[in-house]
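K.L.:
sequence plus the predicted model coming up.
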Amino acid sequence: MTNFAPAEVFPPGEFVKDALEARGWTQEDLAFFMGRSLVTVNKIITGKQSITAQTAKELAETFGTSAEYWTNLEAAYRLQEAPSPDGAVARRVSLYAAAPIKEMQKRGWIGRSKNEAELVANVCRFYGVDTIDDVPRIRVAARQGAETTEAIAAAQNAWARRAKQLAAGAWAKPFLKSRMAEAIDQLRRLTEELGEVRHVPRVLGEAGVRLVVVQHLPRTRMDGAALSDDKGQPLVALSLRYKRLDSFWFTLFHEIAHIVAGDGEVGDADIEESGRDSEAEHRANKQAAAWLVPPEALSDFVLRTAPHYTARRIRGFARRMGVHPSIILGQLSHLGHLQWNQFTKLRSTDVRDAVRDTCVYDGWGKTGPTVAVGE
């Protein structure tokens, strides 16, 4: 017998019946060959009993075929007999692909729903759209450390959407690029002490840039993003994925670099298109590092000090630069001159308490001030 898949799907028992007739055998003969009862063989032939893997092997020995031939016939027939889905499965998959549903419920961004329709309505309400198909890919310039998959991009998108929601509670004057140079200078003077972080929302707000903090979602590895709020005003969103002071300042200046480069117009690339290896990201990294520590000064310090770094020398250089020692350590570690676990006592470990005082934030169990200091 030739092993092939039929163009028209019939019950596998029909093929068993044809094979018996071709050989002049009866159902009783087949029951004897296979060591089965006549009732069982009759059920197989009439399609009332499925062909199991064991039955397929016995039929293969009986008729000189492969066992796969019979299992394939069985699978094709059962697949045809099964009722077609009404689209509900595809709809649910599409819904969960569009947004990180469980995490959004856990964080309280959407309510826990009793049925699919209610869940869809909650997600649409979160994104401000009429249908799931209308969920936008929010355009940002993002600093992140992950290779983006579809699921990660959806989670990053939800994170950015939450940042835009919180922006309504962050105070800021109308944006003027002419104020950015002064704001950067003022921010730079705040980098020496941990507690000075509380002034950041006010300084940015004076220049017309809103600041919010949204704790990152699992696997997104988002550090921050520069984007526009719902009114088109520039917005910096930070995740504080790394709670160190040096990470806070570098990420903040990185996002400010995007805003300055775009004259306040941010979001020239979708999240999934603005990965860490893009040219825009490299430029923002370079500018952020230069704003924090002049590259010539850092190079001179490395030339005079490496590899004999000490806590006293690092503190002294940081004092001359007017920045916290952790910022010097962050740059030296990034450049490979130091390991990240060196001089841990000089690294400020947790910036979140300072952020809580004045930043609009979502994370760590609650949402922060509704209006940033300075209004």
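P.N.:
Nice, I can see it. Residues are numbered from 1 along each chain as shown.

K.L.:
shaky segments in this protein?
P.N.:
Low-confidence segments of the chain, defined by pLDDT under 70, are located at 1-8, 141-148, 263-277, 364-375.

K.L.:
show me the domain layout of it.
P.N.:
Per automatic domain parsing, the domain ranges recorded for the chain read 12-81, 89-134, 141-293+350-367, 295-346.

K.L.:
mind checking the SS state of residue 224?
P.N.:
strand (DSSP: H, G, I helix; E, B strand; the rest coil).

K.L.:
one step back: output the domains of the chain as TSV; include the columns mean neighbour count.
P.N.:
In this view, the C-beta of every residue, glycine as well, is placed from N, C-alpha and C. Shown next, in TSV, are those (neighbours: other C-beta atoms under 10 Å):
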stretch	mean neighbour count
domain 12-81	16
domain 89-134	15
domain 141-293+350-367	20
domain 295-346	16
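
K.L.:
ok, which stretches of the stretch 201-350 of the chain are helices?
P.N.:
245-261, 279-292, 295-305, 311-321, 325-334 (DSSP state H, counting those that start in this stretch).

K.L.:
reformat those helices as TSV; add distance to residue 65.
P.N.:
Output for the helices of the stretch 201-350 of the chain, formatted as TSV (distance: least, C-beta to C-beta, whole Å):
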stretch	distance to residue 65
helix 245-261	65
helix 279-292	60
helix 295-305	75
helix 311-321	77
helix 325-334	65
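
K.L.:
among these, which comes closest to residue 47?
P.N.:
Closest approach to residue 47 among the helices of the stretch 201-350 of the chain (C-beta to C-beta): helix 279-292, 61.3 Å.

K.L.:
chain center to the closest one, what's the gap?
P.N.:
23 Å (C-alpha atoms, centre = their mean, to the nearest Å).

K.L.:
for that helix, packing partners?
P.N.:
In terms of contacts (3 or more C-beta pairs under 8 Å, 6 or more residues apart in numbering; DSSP states H and E), helix 279-292 is packed against strand 141-144, helix 180-188, helix 245-261, helix 325-334.

K.L.:
now for the spatially closest residue to residue 13 that is not a sequence neighbour: which residues touch it?
P.N.:
On the basis of C-beta to C-beta, 6 or more residues apart in numbering, the spatially nearest residue to residue 13 that is not a chain neighbour turns out to be residue 45, at 3.8 Å. Neighbouring residues of residue 45 by C-beta atoms under 8 Å, 6 or more residues apart in numbering: 13, 14, 16, 17, 27.
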